[in-house]
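Visitor: starting from these lines, generate the structure:
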Amino acid sequence: MSLPAATEFTRRGVADHRRALAGWCVGAVAYIAMIAAIFPSLAGSGSLDKLVQNYPDVLKSLFGISGSGSLSSGAGFLDAELFSFMLPLIVLVLAIGSGARTFAGDEDAGRLELVLAYPVRRRAAVLAKGVAVGAEIMAVCLCSGIALALSNPVFDLGLSAAHVAASVAGLALLGLLFGWCALGVGAGTGNRGLAIALPAALAAAGYLVSGLHSLAGWLDPFRFLSAFWWLGTAPLQNGIRGSGGLVVAIVALAALLGGALLVERRDLKVP
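Guide: The predicted structure is shown next:
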């Protein structure tokens, strides 16, 4: 597959979903701005400190709250309100949906055979579509990072620029891992339902293991299977683990390459 053909595959993959992508970006930015705007009214009240003291250990662990006063800082507040659940959820829903749609979805709809009628290798088409999925994920994560950077001085959040960048990078790595997993499963099996269900189940299990392994001893050996654990919790306060980010990136790439290899070994479905 020539470079111009691969570029066209990627360009069309993004252009075909540009309106939906714009909606995801606007939604993420609006949500971040809304949460950031709430912080100044709560920061000096002392109610957050009392609230944290009454949290059960399970809830503190899931939200990445490590200290009794962590919510009184902008970084702690946004870690709990954004990065503990909602922002990863937004990115993962986008990534898994896009990854499942871009190959298995096209195959189910009967559009894939037209694309592959051109003189291109199947594996090259999967890789080009993987770049398109990655571009969508990066767009949402970049908009989220810009929203955080702009909100920082406006609402006096006291965020570290380095930790904002690390937090956005961690979001992008999570999206690439599960988005490319969805694409790889869809390319390897042709089953869109499985391409959505398997990455979603892995993400949910990984989230719970990362949050609860320190409280439930029997979960501790499974923490190495969680991308959330590898990246670490409370990224606006602590950044992300560099070695963990490398592990997640390698596994994400392996999922995409696996799908590219498996697609060569099966017959495509014809509706």
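Visitor: could you list the low-pLDDT ranges of the stretch 151-271 of the chain?
Guide: 269-271 (pLDDT under 70).
Visitor: which parts of it are helices?
Guide: Per DSSP state H, counting those that start in this stretch, the stretch 151-271 of the chain carries helices over the ranges 161-189, 192-212, 227-231, 235-238, 242-262.
Visitor: same question, the stretch 1-150 of the chain
Guide: Applying DSSP H, counting those that start in this stretch to the stretch 1-150 of the chain gives helices spanning 3-15, 18-43, 47-54, 57-63, 74-78, 86-100, 106-109, 112-115, 122-154.
Visitor: and the ones you listed: which comes nearest residue 196?
Guide: Of all the helices of the stretch 1-150 of the chain, helix 86-100 sits nearest to residue 196, with 4.6 Å by C-beta to C-beta. Where you see a C-beta, it was placed from the backbone N, CA and C, and this is true even at glycine.
Visitor: tell me how many other residues surround residue 27.
Guide: Residue 27 has 14 neighbouring residues, counting by other C-beta atoms under 10 Å.
Visitor: my guess is it contacts residue 90, does it?
Guide: Yes - using C-beta atoms under 8 Å, residue 27 makes contact with residue 90 at a distance of 7.3 Å.
Visitor: and the gap between the residue lying closest to residue 149 once chain neighbours are set aside and residue 237?
Guide: Spatial nearest neighbour of residue 149, chain neighbours left out: residue 164 (6.1 Å); criterion: C-beta to C-beta, 6 or more residues apart in numbering. Computed as C-beta to C-beta, to the nearest Å, the residue 164 to residue 237 distance reads 11 Å.
Visitor: what residues are up against the residue nearest to residue 222 when sequence neighbours are not counted?
Guide: Using C-beta to C-beta, 6+ apart and skipping residues adjacent in sequence, the residue nearest residue 222 is residue 209, 5.1 Å away. Applying C-beta atoms under 8 Å, 6 or more residues apart in numbering, we find residue 209 in contact with 219, 222-223, 225-226, 228-229.
Visitor: quickly note the distance from residue 209 to residue 183.
Guide: Applying C-beta to C-beta to residue 209 and residue 183 gives a distance of 24 Å.
Visitor: contacts only, for the residue nearest the centre of the chain.
Guide: Geometric centre of the chain, nearest residue: residue 175, 2.6 Å, by C-alpha atoms, centre = their mean. When contacts are counted by C-beta under 8 Å, 6+ apart, residue 175 touches 91-92, 94-95, 137, 140-141.
Visitor: between those residues, which sits nearest residue 255?
Guide: residue 95 (11.6 Å).
Visitor: burial of the closest one, as a residue count?
Guide: 30.
Visitor: swap in residue 162?
Guide: 9.
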